[in-house]
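Asks: Give me a model of this one.
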Amino acid sequence: MGFSLIGFIIVISILIPNFLFIAFPPQNIPKEIKDPALIFTIAERIGQGSCMLLLVISETNFEETNINICFFLMIACISFYYFLWIRYFVQGRTYSTAYKSLGFIPVPMAIFPVLAFGFAAIWGKSIWLGISVIILAFGHITNSWIIYQYTKQN
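Replies: As a prediction, this is how the structure comes out:
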């Protein structure tokens, strides 16, 4: 264990767009939208925090790893995630755009960062990061799915 520059770069590359979401919040947020169940939000926060922490302190997992298919899949997921953020801005930063499907993929802005973390876990051979990704997926994708269903119906 120790500081991992590679892990830190992965975290930053996934988090940068989220700062844009804070700086440029979505337009047309429905007033009647409800927060998803607390259990999903708690799982989401625990998963986010542990994924970030484990990546940053996993020096041995990433400093001694060769580039392989999981590395390229992680990069592809991050690239798709950036594409989705561009779509969000180009389409006017509407609330529903943040949850809009990408072809047959529902809630892609929730799925692609989770997949990126998942491929990082496989690439770095980190079981603890893998467990954190499962917790993150349970909370983040479920929360996003609930909001997606709401925006789809209204």
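Asks: center of this protein - which residue?
Replies: Centroid-nearest residue in the chain: Pro113, 2.9 Å away (criterion: Cα atoms, centre = their mean).
Asks: next helix or strand past the helix or strand containing it?
Replies: Here Pro113, judged by DSSP states H and E, is contained in helix 108-123. As assigned by DSSP H and E, the chain's next helix or strand after helix 108-123 is helix 127-136.
Asks: Give the buried residues for the helix or strand bottoming out on mean pLDDT in the chain.
Replies: Lowest by mean pLDDT, DSSP states H and E among the helices and strands of the chain is helix 59-63, with a mean of 83. The neighbour-count check on helix 59-63 (16 or more other Cβ atoms under 10 Å) flags 61-62 as buried. C-beta here means a position set from N, CA and C on the backbone, and glycine is covered the same way.
Asks: now stretch 103-117
Replies: 106-117.
Asks: Could you export those residues to JSON lines, including columns for pLDDT?
Replies: Formatted as JSON lines, these follow (pLDDT from 0 to 100):
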{"residue": "Pro106", "pLDDT": "94"}
{"residue": "Val107", "pLDDT": "96"}
{"residue": "Pro108", "pLDDT": "97"}
{"residue": "Met109", "pLDDT": "96"}
{"residue": "Ala110", "pLDDT": "96"}
{"residue": "Ile111", "pLDDT": "98"}
{"residue": "Phe112", "pLDDT": "98"}
{"residue": "Pro113", "pLDDT": "97"}
{"residue": "Val114", "pLDDT": "98"}
{"residue": "Leu115", "pLDDT": "98"}
{"residue": "Ala116", "pLDDT": "98"}
{"residue": "Phe117", "pLDDT": "98"}
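Asks: Show me what the helix holding Pro113 is packed up against.
Replies: helix 5-23, helix 38-56, helix 69-90, helix 127-136, helix 142-153 (3 or more Cβ pairs under 8 Å, 6 or more residues apart in numbering; DSSP states H and E).
Asks: phi, psi of Thr94?
Replies: Per-residue torsions, Thr94: phi -80, psi 150 (degrees, to the nearest 10).
Asks: do you know how far it is from Gly47?
Replies: 27 Å (Cβ to Cβ, to the nearest Å).
Asks: So for the two, which residue has more residues nearby?
Replies: Legend: neighbour count by other Cβ atoms under 10 Å for Thr94 and Gly47, higher for Gly47 (22 against 15).
Asks: what residues are up against the more buried one?
Replies: Contacts for Gly47 (Cβ atoms under 8 Å, 6 or more residues apart in numbering) come out as 132-140.
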